[in-house]
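K.L.:
got a sequence here, can you model it:
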Amino acid sequence: MLTFLPEHYLIIGILFLFSFGIIYGLSGNLKYPSFYNNTLYLSIVLLINFVFYTIEDFIHNTIYYNFFFIKDGSTYIIELILTLLTILILITSFFYNKKNNILYWEYPILILFSTISLYYLISSNELISFYFLLEFQSICFYILASYNRKIKKSLESGIKYFIMGSFSSILLILGFSFIYGVSGLTHLEDLFIFFNTVKTKSIQINIGLILILIAFMFKIYAAPFHFWVSEVYHGAPTSSVMFFATIPLLVYFIILYKFYFIFYINNTDVWKYFLTIICMCSLLCGTLGALYQQYIKKLLAYSSIMNMGFTTAAIIIINVSTTIHNINYILLYILNTLNILIIFSNLFHIKTKQNVETIYTFTGYFKQNKLLALLIMCMFYTVAGLPPFSFFFAKLMILTSIMSTTINWIVIPIIISTLIGSFYYIRIVQLISYSTQTQWIWIKPFSYITLFICFSIFLFNLLYIGNSSTFNTISYYIALELYL
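P.N.:
I've put the predicted structure just below:
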């Protein structure tokens, strides 16, 4: 098997789909036909074939284009994880797009373009290629945020995402320019040698490193660079939020770890002090900002900010055990957040002909649909970090690993924010199950595929204690590759 085949196969397939859509989807003679289903099925077939090609090439370490891109074992595993999650999103988002009458053929292609850019990002070994790939992926996200062009708030969220994303991109390229101005290098392997042999403490280097970190904090929605997140989540279609709120996070954090070993390993003061401030701000803003939210997606936005406080606390401490627990935490966060978004993307109110968006809509819903209400309650228990669900053990492992380090004092604000944060999750459970108000919600029936996916993820969370070895093995392998 040729080792260059998987990514090339996928990008050629995407370009064929894109060309097909432009030629036939924009044809006036054919009266602008809608072939969303065709592009969706072909996109899923492309991703499934990509999985088989990637598994076939798993044993090889691949080098592309004169060391511009390097793929190791962890890169293959991350690509497989992203591909499987993307397939789930494409399948479940169909029902949301159909009910909201936004079946445009561009959606699956934008998802595929975003996915292929993430594949190349994770293997990028050069600053210029890394920046262009990040910009390409960001443009796809801006379009996805404004995908529902019939609604003004969707267009508004796309514009906000574009403005803030452009600002973070400017900071990133400015940081790269400072690094290049001092070193004259853009290749990551050359920069690794430079930072480990030349003991320089120039102000340009420190400014460049801080700007790079600020740009990444924008990308992972960490405070105080978070003010745009809740509005983008609220205005964008849920089918788009399912993708850009979950899939890129693992890639961004792996890149952060890689950048640490290249840029920050001899500049630990910049790394620790900056990320400690980010951690405290994220815990505070995420916890307090979610207390009075009435919209589901805004609540999840602030919840993601608080969870970024957890992950940045773990990323301050660079050792193998903490990295393993942090990757495990990120994987479980992505899976559980995706499951909640899948559930709410399929809660379509028949009378209002809109998706359910507010918390108080579910007042007394347990009396109406006990099975679905129980699933929603259990998923909120999971993201609250309550036992016996998986997220409890992920948080416990991170806290245990932090306790054995010199910055164990950071555990106290983490525990306080967790206790406060569990309040707004349990409040939803209380509204669903114990409210005395009588309110009947006419929800369209779920598809069997969506129910199967949601209950499968829920059962995994419930049985995580006895089946955690797979996730731990994956996290261990990825972390080990980062340290070798």
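
K.L.:
name the element V411 belongs to?
P.N.:
Under DSSP states H and E, the secondary-structure element containing V411 is helix 411-433.

K.L.:
please save the CA atoms from the very next helix or strand once past that helix in CSV.
P.N.:
Later in the chain than helix 411-433, the nearest helix or strand by DSSP H and E is helix 448-462. C-alpha atoms of helix 448-462 as CSV (Å, rounded to 0.1, in the frame of the first residue of the first chain):
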residue,chain,number,x,y,z
TYR,A,448,-33.7,5.0,15.1
ILE,A,449,-30.2,5.7,14.0
THR,A,450,-29.9,8.8,16.2
LEU,A,451,-31.4,6.9,19.2
PHE,A,452,-29.0,4.0,18.7
ILE,A,453,-26.0,6.4,18.6
CYS,A,454,-27.2,8.4,21.7
PHE,A,455,-27.9,5.3,23.8
SER,A,456,-24.6,3.7,22.7
ILE,A,457,-22.7,6.7,24.0
PHE,A,458,-24.7,6.8,27.2
LEU,A,459,-24.1,3.1,27.8
PHE,A,460,-20.4,3.6,27.3
ASN,A,461,-20.4,6.3,29.9
LEU,A,462,-22.3,4.1,32.3
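
K.L.:
buried residues in helix 448-462, which are they?
P.N.:
Within helix 448-462, the residues scored as buried using 16 or more other Cβ atoms under 10 Å are 450-451, 453-454, 457-458, 460-461. Quick note: C-beta positions are derived from backbone N, CA and C, even for glycine.

K.L.:
repeat that for stretch 43-58.
P.N.:
43-44, 46-47, 50, 53-54, 57.

K.L.:
which of those residues scores worst on pLDDT?
P.N.:
Note: of the buried residues of stretch 43-58, the lowest pLDDT belongs to D57, at 74.

K.L.:
how much space between it and M377?
P.N.:
From D57 across to M377, the span is 43 Å (Cβ to Cβ, to the nearest Å).

K.L.:
next: I122.
P.N.:
To M377, I122 is 36 Å away according to Cβ to Cβ.

K.L.:
helix or strand for the nearest residue to I410 once chain neighbours are set aside, which one?
P.N.:
With sequence-adjacent residues excluded and distances taken as Cβ to Cβ, 6 or more residues apart in numbering, I410 is closest to A313, at 5.5 Å. Element membership for A313, per DSSP H and E: helix 296-316.

K.L.:
likewise for I48?
P.N.:
Using DSSP H and E, I48 sits in helix 36-56.

K.L.:
packing partners of that helix?
P.N.:
Packing partners of helix 36-56 (3 or more Cβ pairs under 8 Å, 6 or more residues apart in numbering; DSSP states H and E): helix 5-20, helix 73-99, helix 106-123.

K.L.:
re earlier: just the pLDDT for the residue nearest to I410.
P.N.:
87.

K.L.:
burial count for the nearest residue to I102 once chain neighbours are set aside?
P.N.:
Distances taken as Cβ to Cβ, 6+ apart put N148 closest to I102, at 5.1 Å, once the chain neighbours are dropped. A count of nearby residues for N148, using other Cβ atoms under 10 Å, gives 24.

K.L.:
and of the buried residues of helix 448-462, the nearest to Y483?
P.N.:
F460 (27.9 Å; Cβ to Cβ).

K.L.:
secondary structure element for I318?
P.N.:
Using DSSP H and E, no helix or strand contains I318.

K.L.:
what sits against the closest residue to G421 other than its chain neighbours?
P.N.:
Closest residue in space to G421, ignoring its immediate chain neighbours: T287 at 5.2 Å, by Cβ to Cβ, 6+ apart. Contacts here follow Cβ atoms under 8 Å, 6 or more residues apart in numbering; on that basis T287 touches 302, 306, 417, 420-421.

K.L.:
with just CA atoms, put whatever helix or strand T287 lives in into PDB.
P.N.:
Taking DSSP H and E as the definition, T287 sits inside helix 268-289. Extracted in PDB, the C-alpha atoms of helix 268-289 (Å, rounded to 0.1, in the frame of the first residue of the first chain):
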ATOM      1  CA  THR A 268       8.800  27.500  31.100                       C
ATOM      2  CA  ASP A 269       8.200  30.800  32.900                       C
ATOM      3  CA  VAL A 270       6.100  32.100  29.900                       C
ATOM      4  CA  TRP A 271       4.300  28.800  29.700                       C
ATOM      5  CA  LYS A 272       3.400  28.300  33.400                       C
ATOM      6  CA  TYR A 273       2.500  31.900  34.300                       C
ATOM      7  CA  PHE A 274       0.400  32.500  31.200                       C
ATOM      8  CA  LEU A 275      -1.500  29.300  31.400                       C
ATOM      9  CA  THR A 276      -2.100  29.600  35.100                       C
ATOM     10  CA  ILE A 277      -3.800  32.900  34.500                       C
ATOM     11  CA  ILE A 278      -5.800  31.400  31.700                       C
ATOM     12  CA  CYS A 279      -6.800  28.500  33.900                       C
ATOM     13  CA  MET A 280      -8.100  30.700  36.700                       C
ATOM     14  CA  CYS A 281     -10.000  33.000  34.300                       C
ATOM     15  CA  SER A 282     -11.600  30.100  32.500                       C
ATOM     16  CA  LEU A 283     -12.800  28.400  35.700                       C
ATOM     17  CA  LEU A 284     -14.200  31.700  37.000                       C
ATOM     18  CA  CYS A 285     -15.900  32.900  33.700                       C
ATOM     19  CA  GLY A 286     -17.200  29.500  32.700                       C
ATOM     20  CA  THR A 287     -18.700  28.800  36.100                       C
ATOM     21  CA  LEU A 288     -20.300  32.100  36.700                       C
ATOM     22  CA  GLY A 289     -21.300  32.800  33.100                       C
END
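
K.L.:
what's the spacing between it and its chain's center?
P.N.:
Per Cα atoms, centre = their mean, to the nearest Å, the displacement of helix 268-289 from the mean C-alpha position of its chain is 19 Å.

K.L.:
so where is this structure shaky, pLDDT-wise?
P.N.:
Counting by pLDDT under 70, the chain contains low-confidence ranges at 1-4, 28, 30, 59-61, 64-65, 200, 352, 435-441, 466-468, 484.

K.L.:
what are the buried residues along stretch 195-211?
P.N.:
Neighbour count says stretch 195-211 has 195, 205, 208-211 buried, by 16+ other Cβ under 10 Å.

K.L.:
and the angle from the helix holding I48 to helix 73-99?
P.N.:
Relative orientation of helix 36-56 versus helix 73-99 (axes from the mean of the first three to the mean of the last three Cα atoms, to 10 degrees): 170 degrees.

K.L.:
who touches helix 36-56?
P.N.:
Defining contact as Cβ under 8 Å, 6+ apart, one finds that helix 36-56 is touched by 1, 5-6, 9-10, 13-14, 17, 20-21, 76, 79-80, 83-84, 86-87, 90-91, 94, 97, 103-105, 107-109, 111-112, 115.
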